[in-house]
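In: got a structure for you, letters missing:
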Ligand SMILES: NC(=O)c1ccc[n+]([C@@H]2O[C@H](COP(=O)([O-])OP(=O)(O)OC[C@H]3O[C@@H](n4cnc5c(N)ncnc54)[C@H](OP(=O)(O)O)[C@@H]3O)[C@@H](O)[C@H]2O)c1
């Protein structure tokens with residue numbers, strides 16, 4: 001176990017030179033994301049944070065943003081509105097960020113909840129918890145990889161249950177759509193397995209980027225209630241009488257959880273980049289030192305879960321990844337029918353750009369021409385990707401970059417012309 005004192009000592013070394021200068025938090029409107037933002041901002045370092053949240057949480061989040069600005073005047077917190085359970089919205093939010101930044105140091109993904117209730121689908125036909133906990137997360141990563149590749153020591157941290165993978169995975173009905181196939185345990189396992197094997201695949205394809213799949217332990221955020229749709233169900237009683245009291249008893253304090261996740265975002269213990277680490281170097285999901293995917297438990301130890309991961313790698317990785325690209329395909333591309341649509345997408349059509357990687361850019365500091373300007377707002381109060389004009393670097397960027405092994409797949413998918421407004425998936 002990495003002791004709390006070691007964690008705090010490492011985080012005390014975060015400053016203007018070592019902090020993730022540009023960070024994107026998806027799920028930072030509450031819980032572990034919020035706690036980690038607070039810990040990062042409290043370091044006093046100069047950071048720019050894209051805080052992605054849905055419209056219904058904006059008002060509630062405003063006092064938090066004010067608190068952060070008061071705590072650290074060098075922190076620039078940019079509220080970035082989006083309903084990220086929808087892939088079209090995830091794509092739009094990424095385009096806003098891509099139009100503003102040349103690099104991203106940290107992508108921190110916590111949106112989601114344990115699927116304790118019945119299957120509920122988004123307008124795009126994906127089950128909501130799976131969309132938040134897996135598909136939208138993968139889409140954020142794929143869209144922001146070119147910016148991550150431009151950073152010096154980029155990191156993606158997804159919080160769910162790294163190290164808790166099971167050998168059992170449903171491959172004939174990956175979305176668990178068949179009647180009777182969607183249940184609490186199965187759906188949770190499916191999400192966890194899919195995250196770990198896909199993150200490992202992405203880590204293999206993008207060796208410059210460090211990936212962490214974190215298992216946070218118990219943190220008393222109220223997350224267990226999110227998936228409970230019927231207050232009179234047995235599940236609701238179970239959560240009320242057993243689960244919540246247990247979480248209250250054994251959970252980390254809010255502060256420790258925030259500090260532990262900040263450590264996972266910044267320490268060289270995982271992959272060698274970041275704040276120097278004198279302790280034992282973490283091993284990746286292939287049970288090797290060096291960079292890759294790190295399955296990190298609540299004690300901040302690496303738990304490669306080698307036996308299970310090798311089964312999943314052999315039996316499921318290819319199928320899951322193909323399925324993922326199929327689902328995400330319509331949201332990984334831009335229309336090339338009209339200039340208007342191209343402007344909407346904020347980037348060149350995938351498949352027409354150069355196959356070369358975007359040249360690594362020098363750090364964009366807050367005064368640089370590419371630094372974030374206040375984002376314009378549409379009459380609905382929503383950040384508007386159309387209004388945010390893409391800079392040249394973002395316009396030249398290609399979503400397929402940074403994923404060399406998969407270029408062909410992306411290019412094949414990208415040639416289909418799909419209108420993001422009407423692109424649906426499944427039912
Ligand atoms: N807390 C724990 O003990 C624990 C343990 C193991 C695993 N986990 C997993 O770790 C992740 C983070 O947990 P947490 O405790 O930080 O969660 P949390 O406090 O409940 O926050 C989850 C985030 O997800 C967003 N979200 C939830 N439902 C949404 C929806 N339908 N549409 C859009 N956004 C939605 C929330 O946005 P709003 O603020 O707008 O509601 C919030 O930003 C979750 O996937 C959770 O399942 C947590």
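Out: It's in. Keep in mind that this is a model prediction, so the values were computed, not measured. Numbers count the residues shown, from 1 in each chain.

In: what sits against the closest residue to residue 12 other than its chain neighbours?
Out: Closest residue in space to residue 12, ignoring its immediate chain neighbours: residue 43 at 8.0 Å, by C-beta to C-beta, 6 or more residues apart in numbering. Where C-beta positions appear, they are placed from N, C-alpha and C, glycine not excepted. Applying C-beta atoms under 8 Å, 6 or more residues apart in numbering, we find residue 43 in contact with 11, 12, 14, 15, 19, 72, 262.

In: check the residue lying closest to residue 155 once chain neighbours are set aside and give its pLDDT.
Out: Spatial nearest neighbour of residue 155, chain neighbours left out: residue 210 (4.5 Å); criterion: C-beta to C-beta, 6+ apart. pLDDT recorded at residue 210 is 98.

In: kindly report the residues of the stretch 51-200 of the chain close to the ligand.
Out: The stretch 51-200 of the chain comes close to the ligand at residues 53-54, 57, 84-85, 110-114, 128, 132-133, 159-161, as judged by C-beta under 6 Å from any ligand atom.

In: hey, where'd the strands end up in this protein?
Out: In the chain, the strands defined using DSSP state E lie at 22-26, 47-53, 75-81, 106-109, 155-159, 210-214, 293-296.

In: related to what we said a few turns ago, and which of the contacts of residue 43 is nearest to the ligand?
Out: residue 262 (13.9 Å; C-beta to the nearest ligand atom).

In: gap between the closest residue to that closest one other than its chain neighbours and residue 75?
Out: Computed as C-beta to C-beta, 6+ apart, the closest residue to residue 262 that is not its neighbour in sequence is residue 39, at 4.2 Å. Distance check for residue 39 against residue 75: by C-beta to C-beta, to the nearest Å, it reads 12 Å.

In: swap in residue 221?
Out: 22 Å.

In: tally of neighbours for the residue of the stretch 251-400 of the chain found nearest the ligand?
Out: Relative to the ligand, the nearest point of the stretch 251-400 of the chain is residue 251 (6.5 Å; C-beta to the nearest ligand atom). Residues lying near residue 251 (other C-beta atoms under 10 Å) number 17.

In: so what's it up against?
Out: 217, 218, 219, 220, 257 are the contacts of residue 251 under C-beta under 8 Å, 6+ apart.

In: please list which of those are also close to the ligand.
Out: Among the contacts of residue 251, the ligand is touched by 218, 219 when using C-beta under 6 Å from any ligand atom.

In: out of the contacts of residue 251, what pair is the most spread apart?
Out: Within those, 217 and 220 form the most distant pair, 10.8 Å apart (C-beta to C-beta).

In: how confident was the prediction at the closest residue to the ligand within the stretch 1-150 of the chain?
Out: Among all residues of the stretch 1-150 of the chain, residue 31 sits closest to the ligand, at 2.0 Å; criterion: C-beta to the nearest ligand atom. The confidence metric pLDDT takes the value 97 at residue 31.

In: for the residue nearest to residue 155, give me its contacts.
Out: 153, 154, 155, 156, 203, 270, 271, 273, 274, 291, 292, 294.

In: ok, back up a step: tell me, how many residues neighbour the residue nearest to the residue of the stretch 1-150 of the chain closest to the ligand when sequence neighbours are not counted?
Out: Once flanking residues are discounted, residue 31 sits nearest to residue 221: 3.6 Å by C-beta to C-beta, 6+ apart. By the criterion of other C-beta under 10 Å, residue 221 has 21 neighbours.

In: thought residue 221 was touching residue 29?
Out: No - if you go by C-beta atoms under 8 Å, residue 221 and residue 29 don't touch, sitting 11.2 Å apart.

In: that older thread, between the strands of the chain, which one is nearest to residue 225?
Out: Of all the strands of the chain, strand 155-159 comes closest under C-beta to C-beta, at 17.5 Å.

In: and the closest one, what does it pack against?
Out: Helices and strands touching strand 155-159, by 3 or more C-beta pairs under 8 Å, 6 or more residues apart in numbering; DSSP states H and E, are strand 106-109, helix 136-149, helix 184-205, strand 210-214, helix 254-266.

In: now it: average pLDDT?
Out: 98.

In: and that strand, which residues are buried?
Out: Applying a neighbour-count criterion of 16 or more other C-beta atoms under 10 Å, one finds 155, 156, 157, 158, 159 buried in strand 155-159.

In: any low-confidence regions in the stretch 201-350 of the chain?
Out: 334-350 (pLDDT under 70).

In: list, one by one, the residues from it near the ligand.
Out: Residues of the stretch 201-350 of the chain lying near the ligand (C-beta under 6 Å from any ligand atom): 216, 218, 219, 221, 223, 226.

In: now that we have those residues, which one has the most neighbours?
Out: Going by other C-beta under 10 Å, residue 216 tops those with 24 neighbours.

In: name the residue closest to the centre of this protein, please.
Out: residue 109 (3.1 Å; C-alpha atoms, centre = their mean).

In: ok, now which ones touch that residue?
Out: 26, 27, 137, 140, 141, 156, 157, 158, 159.

In: now, the contacts of residue 251 that are in helices?
Out: Residues of the contacts of residue 251 located in helices (DSSP state H): residue 257.

In: how about CSV for the contacts of residue 251, with distance to residue 312 added?
Out: Shown next, in CSV, are the contacts of residue 251 (distance: C-beta to C-beta, whole Å):
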residue, distance to residue 312
217, 23
218, 25
219, 26
220, 31
257, 28
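
In: for the residue of the stretch 251-400 of the chain closest to the ligand, give its distance to residue 31.
Out: Where residue 31 is concerned, residue 251 sits at a distance of 11 Å (C-beta to C-beta).

In: anything in contact with each of those two?
Out: By C-beta under 8 Å, 6+ apart, the residues touching both residue 251 and residue 31 are residue 219.

In: skip the chain neighbours and tell me the closest residue to residue 7.
Out: Per C-beta to C-beta, 6+ apart, closest to residue 7 is residue 263, 4.7 Å.

In: identify the residues contacting residue 276.
Out: 13, 268.

In: let's see 10 Å
Out: 10, 13, 18, 267, 268, 269 (C-beta atoms under 10 Å, 6 or more residues apart in numbering).

In: does the third one touch residue 266 like I think?
Out: This points to residue 18. Yes - the pair residue 18 and residue 266 qualifies as a contact (C-beta atoms under 10 Å) at a distance of 7.1 Å.
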